[in-house]
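Trainee: Just to be clear, the model below is a prediction. Sequence and coordinates:
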Amino acid sequence: MVLAELGGSISRAIQQMSNATIIDEKALNDCLNEITRALLQSDVQFKLVRDMQTNIKKIVNLDDLAAGHNKRKIIQQAIFNELCKMLDPGKPSFTLKKGKTSVVMFVGLQGSGKTTTCTKYAYYHQKKGWKPALVCADTFRAGAFDQLKQNATKAKIPFYGSYMESDPVKISVEGVERFKKENCDLIIVDTSGRHKQEVALFEEMRQKPDLVIFVMDSSIGQAAFDQAQAFKQSVAVGAVIVTKMDGHAKGGGALSAVAATKSPVIFIGTGEHMDEFEVFDVKPFVSRLLGMGDWSGFMDKIQEVVPMDQQPELLQKLSEGNFTLRIMYEQFQNLLKMGPIGQVFSMLPGFSSELMPKGREKESQAKIKRYMTMMDSMTNEGNSNPKLMNESRIMRIARGSGRSVRDVMEMLEEYKRLAKIWSKMKGLKIPKKGEMSALSRNMNAQHMSKVLPPQMLKQIGGMGGLQNLMKQMGSAKDMMEANRCSVFHCASKAFRCDLLGGQVRMYNGDIVDLK
Ligand SMILES: Nc1nc2c(ncn2[C@@H]2O[C@H](COP(=O)(O)OP(=O)(O)OP(=O)(O)O)[C@@H](O)[C@H]2O)c(=O)[nH]1
């Protein structure tokens with residue numbers, strides 16, 4: 001069972017229970033048994049599931065339920081809290097400090113995705129202004145250094161390793177020394193995944209790692225707990241990264257790994273590409289799992305990609321309905337930085353990456369890059385005033401960018417389309433500096449309906465459905481703050497989205513896949 005289905009099963013069990021006329025001990029037990037079954041099928045360790053069941057029973061007071069309180073909410077909240085507790089070891093992981101060199105060592109079984117994850121981790125921090133470097137201490141697998149070298153070169157991250165040296169300790173010591181001299185503030189050491197080597201490495205390195213990250217493949221199932229514990233016993237694991245959360249693997253092992261290492265999951269890998277890597281936060285994750293969406297994550301993502309100093313200016317221009325080619329160019333740049341657009345959409349309650357098929361993402365990214373090349377060859381005057389575009393200017397742009405006149409026309413058409421959409425955003429209230437989330441409150445259903453692709457709007461149930469959805473999004477945020485969860489109903493269906501399998505589901509008694 002993939003984690004997506006786990007979320008669906010839990011919500012369904014709660015729904016069924018709340019449909020019962022009387023919520024007595026039997027109804028509660030039925031619901032909890034159903035949840036237990038779902039968790040076990042997702043490979044969560046048996047002991048954890050049993051403890052969760054006992055805790056919920058302790059928290060949920062049936063007398064309170066009988067007294068006419070909102071039963072579903074009380075039980076939902078208890079389940080939400082217990083899932084969060086399972087994923088939260090109660091202590092944060094070591095935090096890197098800018099300006100001070102930190103050495104981070106990656107451990108995990110071979111094939112778990114360690115090397116890929118090392119680069120993703122470095123790339124993530126590089127984008128945030130760190131100066132990372134990679135050291136390949138995997139002398140066990142012949143191709144390991146080449147793989148790291150290839151990944152690091154692609155991401156423009158300095159690396160160190162050796163084809164000749166067979167002692168991982170020697171390589172690590174040399175690598176760390178070199179990058180310290182080069183003032184790198186994040187030195188990442190990739191290891192072989194063999195316990196013995198790692199223990200020696202940890203003990204013999206002159207500068208002990210500040211953090212040991214255990215990388216775990218989400219598909220290893222019930223073995224997760226034991227594997228994580230074995231690593232914890234040989235090295236001081238301080239954080240966990242769970243990889244391949246995009247696949248059809250059972251993801252419950254992640255919950256077990258947290259319990260085994262008593263260390264938090266800090267990131268999850270959601271694909272083979274460099275930017276398919278997400279910060280892991282317990283509460284938004286559980287919210288998404290239970291179909292609440294992650295509205296705050298969405299706004300954070302926007303905040304992350306639109307540079308702080310450009311946010312007020314951009315919003316000002318948009319609110320005036322002043323969408324220029326320059327703005328389009330800048331927004332394309334931001335969009336490319338944002339990573340797969342589907343990933344961003346999956347954060348919206350009710351939406352998922354399935355609505356933006358993976359294959360088409362690449363196509364649209366290539367198109368954006370093509371547009372940008374043409375825009376690069378425009379003069380500044382042309383850039384800011386597309387109305388001045390005439391035949392000879394279009395031909396000059398085509399020649400300058402090595403594209404056809406048709407391509408330039410297509411780019412200008414795209415501009416017109418976007419300008420039209422944004423002109424309808426005129427009057428959008430501008431949030432104060434640093435208050436991007438206010439945008440979500442100011443964006444009403446009318447604004448949203450103009451920017452959503454028509455087929456998506458149809459699936460939501462048209463304007464009425466969207467209004468309903470937006471209303472619930474607003475209350476979802478409040479609910480999230482109050483640690484409660486919910487399912488979105490619109491056009492008499494309930495919407496559920498998940499982070500991983502990326503399925504949007506409508507719920508009207510049965511769950512129907514939109515795929
Ligand atoms: N779908 C998916 N594939 C991933 C993810 N992370 C890594 N992979 C793939 O998993 C495979 C193994 O990854 P590696 O990085 O080579 O694993 P490793 O643990 O370093 O392996 P060894 O070097 O043999 O120890 C590669 O094909 C990666 O592209 C992920 O989050 N999602």
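Mentor: Arrived safely, thanks for sending.

Trainee: how much space is there between the residue of the stretch 151-300 of the chain found nearest the ligand and Lys128?
Mentor: With C-beta to the nearest ligand atom as the measure, the residue in the stretch 151-300 of the chain that lies nearest the ligand is Gly269; the distance is 2.6 Å. All C-beta spots, glycine's among them, are computed from the backbone N, C-alpha and C. Noted for Gly269: a distance of 18 Å to Lys128, by C-beta to C-beta, to the nearest Å.

Trainee: who's more crowded, the two?
Mentor: Set side by side, Gly269 and Lys128 show unequal neighbour counts under other C-beta atoms under 10 Å, the larger going to Gly269 at 26 against 11.

Trainee: Torsion angles phi and psi at that one?
Mentor: With angles defined as degrees, to the nearest 10, Gly269 shows backbone torsions of phi -90, psi 130.

Trainee: Look up which residues are beta-bridged to it.
Mentor: Here Gly269 shows beta-bridge partners Phe277, assigned using DSSP bridges.

Trainee: who's in contact with it?
Mentor: For Gly269, the contacting residues are Gly113, Thr116, Thr117, Lys120, Ile241, Val242, Thr243, Lys244, Met245, Asp246, Glu276, Phe277, by C-beta atoms under 8 Å, 6 or more residues apart in numbering.

Trainee: any chance of these in TSV, with neighbour count and distance to Ile220 too?
Mentor: Below are the contacts of Gly269 laid out as TSV (neighbours: other C-beta atoms under 10 Å; distance: C-beta to C-beta, whole Å):
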residue	neighbour count	distance to Ile220
Gly113	21	11
Thr116	23	16
Thr117	24	15
Lys120	26	19
Ile241	26	14
Val242	28	10
Thr243	28	10
Lys244	22	10
Met245	24	13
Asp246	21	15
Glu276	18	19
Phe277	23	19
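
Trainee: filter these down to the ones near the ligand?
Mentor: Among the contacts of Gly269, the ones lying near the ligand by C-beta under 6 Å from any ligand atom are Gly113, Thr116, Thr243, Lys244, Asp246.

Trainee: Would you map the strands across the protein?
Mentor: Under the criterion DSSP state E, strands of the chain are mapped to 102-107, 132-136, 159-160, 186-190, 211-217, 239-243, 265-269, 277-279, 488-490, 493-496, 505-507, 511-513.

Trainee: Which other helices and strands does the shortest one contact?
Mentor: Spelled out, that is strand 159-160. When contacts are defined as 3 or more C-beta pairs under 8 Å, 6 or more residues apart in numbering; DSSP states H and E, strand 159-160 packs onto strand 132-136, helix 144-154, helix 168-181.

Trainee: winner for burial among these?
Mentor: For those, the largest average neighbour count (mean count of other C-beta atoms under 10 Å) is found in strand 132-136, namely a mean of 27.

Trainee: can you count the residues close to the nearest residue to Ala236 once chain neighbours are set aside?
Mentor: Spatial nearest neighbour of Ala236, excluding adjacent residues (C-beta to C-beta, 6 or more residues apart in numbering): Val212 at 5.7 Å. Counted with other C-beta under 10 Å, the burial measure for Val212 works out to 26 neighbours.

Trainee: and what of Gly238?
Mentor: Residues near Gly238, counting by other C-beta under 10 Å, number 23.

Trainee: Next: His125.
Mentor: For His125, the count of nearby residues is 20 (other C-beta under 10 Å).

Trainee: so how far is the ligand from it?
Mentor: For His125, the distance to the ligand under the criterion C-beta to the nearest ligand atom, to the nearest Å works out to 17 Å.

Trainee: pretty sure that residue is in contact with Pro132, am I right?
Mentor: Yes: the criterion here is C-beta atoms under 8 Å, and His125 meets it with Pro132 at 5.1 Å.

Trainee: Would you mind listing what in the stretch 201-350 of the chain touches the ligand?
Mentor: Proximity of the stretch 201-350 of the chain to the ligand is confined to Thr243, Lys244, Asp246, Gly247, Gly269, Thr270, Gly271, Glu272 under the rule C-beta under 6 Å from any ligand atom.

Trainee: run the last query once more with 5 Å
Mentor: Selection of the stretch 201-350 of the chain residues close to the ligand by C-beta under 5 Å from any ligand atom yields Thr243, Lys244, Gly269, Gly271, Glu272.

Trainee: related to what we said a few turns ago, kindly state the pLDDT recorded for the residue of the stretch 151-300 of the chain closest to the ligand?
Mentor: Looking at Gly269, its pLDDT is 89.

Trainee: Also Ala13?
Mentor: pLDDT for Ala13: 81.

Trainee: what's the spacing between it and the ligand?
Mentor: If you measure Ala13 against the ligand using C-beta to the nearest ligand atom, the figure is 29 Å.

Trainee: Walk me through the domains of the chain.
Mentor: The chain breaks down by automatic domain parsing into domains covering 3-87, 102-280, 297-496.

Trainee: can you tell me which of the ones you listed the model trusts least?
Mentor: Ranked on mean pLDDT, the bottom entry among the domains of the chain is domain 297-496, at a mean of 58.

Trainee: residues contacting Val104?
Mentor: By C-beta under 8 Å, 6+ apart, the contact set of Val104 is Leu96, Tyr121, Leu186, Ile187, Ile188, Val189, Pro209, Asp210, Leu211, Val212, Ile213.

Trainee: 7 Å instead, please
Mentor: Leu186, Ile188, Pro209, Asp210, Leu211, Ile213 (C-beta atoms under 7 Å, 6 or more residues apart in numbering).

Trainee: doesn't Val237 make contact with the fifth one?
Mentor: The reference is to Leu211. No: under the contact definition of C-beta atoms under 7 Å, Leu211 does not touch Val237, with a separation of 9.2 Å.

Trainee: higher neighbour count, those two?
Mentor: Neighbours of Leu211 and Val237, each counted by other C-beta under 10 Å, are more numerous for Val237; the result is 24 against 20.

Trainee: how much space between that one and Ser287?
Mentor: Taking C-beta to C-beta as the criterion, Val237 is separated from Ser287 by 27 Å.

Trainee: re earlier: of the contacts of Val104 - the most surrounded one?
Mentor: Ile188 (30 neighbours).

Trainee: if we can go back for a sec, in JSON lines, list the helices and strands packed on strand 159-160 along with distance to Gly253.
Mentor: Putting the helices and strands packed on strand 159-160 into JSON lines (distance: least, C-beta to C-beta, whole Å) gives the following:
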{"stretch": "strand 132-136", "distance to Gly253": "27"}
{"stretch": "helix 144-154", "distance to Gly253": "24"}
{"stretch": "helix 168-181", "distance to Gly253": "27"}
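
Trainee: Reformat these into a markdown table and put distance to the ligand next to each item.
Mentor: Output for the helices and strands packed on strand 159-160, formatted as a markdown table (distance: least, C-beta to the nearest ligand atom, whole Å):
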| stretch | distance to the ligand |
| --- | --- |
| strand 132-136 | 9 |
| helix 144-154 | 5 |
| helix 168-181 | 12 |
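
Trainee: Figure out which of these is closest to Tyr415.
Mentor: With C-beta to C-beta, the closest approach to Tyr415 among the helices and strands packed on strand 159-160 belongs to helix 144-154: 31.2 Å.
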